[in-house]
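>>> Turn this into a model:
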Amino acid sequence: TASAAALPPPQRPPRNFALGLVGVLIACLCSGLGGCFMELLLKEGAQSLPRRNLQMAFVSVLIGLLKMWSERQRLRDGGLFQGFSKLVWAMIALDSANGLLVSVLLKYTSAVLKNFAAPLGIICNLLISRCVLGSGRRFNRRFMIGTMLVLLALGMYSSAA
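Modelled structure (predicted):
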């Protein structure tokens, strides 16, 4: 409409570079500590991998039960699996398989290799979408620099080991 065309474009909120950098550093620290702690839990002691997985999932189960308790009326009315489609079940299966693969990876390798797996997976997904599916989008300079840095870091880690 004519009145919509006359409106000025919406203003973006101001960005705080220092706050964003601190947030990213804290996230990296938490991720690194979490990975090292999980690796320590999986490698220490003589407990089996499935038993350790159950121990680590215990907190998630408690949180899920608390959420179910808070939504108990909706669960009574619609059932536990209301809104679940085939896509939701596929995502649950993929996330479950991912959790099991990560625990096996941490049990038999290290948290450092797990941290390399994520960016390599992203790079492979983008290459597949570009080459196999023909998405037609060109890779920008940031993607190319990021890819080179990941591959360089992986090469340096592999040669140092």
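>>> check which helix or strand covers the residue nearest to the spatial centre of the chain.
Closest to where the C-alpha atoms of the chain average out (Cα atoms, centre = their mean) is Ala118, at 7.8 Å. In this assignment (DSSP states H and E), Ala118 forms part of helix 111-131.
>>> which helices and strands does the following helix or strand past that helix pack with?
Downstream of helix 111-131, the next assigned helix or strand under DSSP H and E is helix 141-160. Applying 3 or more Cβ pairs under 8 Å, 6 or more residues apart in numbering; DSSP states H and E, one finds that helix 141-160 contacts helix 111-131. Any C-beta I mention is one placed from the backbone N, CA and C, and that applies to glycine too.
>>> The longest helix anywhere in the chain - what's its average pLDDT?
Counting residues, the longest helix found in the chain (DSSP state H) is helix 17-43. Mean pLDDT, helix 17-43: 84.
>>> Please pull up the helix or strand immediately following that helix.
helix 49-70.
>>> and the next helix-or-strand element following that next one, how far from the chain's centre?
Using DSSP H and E, the helix or strand that directly follows helix 49-70 along the chain is helix 72-78. Centroid separation between helix 72-78 and its chain, computed with Cα atoms, centre = their mean, to the nearest Å, is 30 Å.
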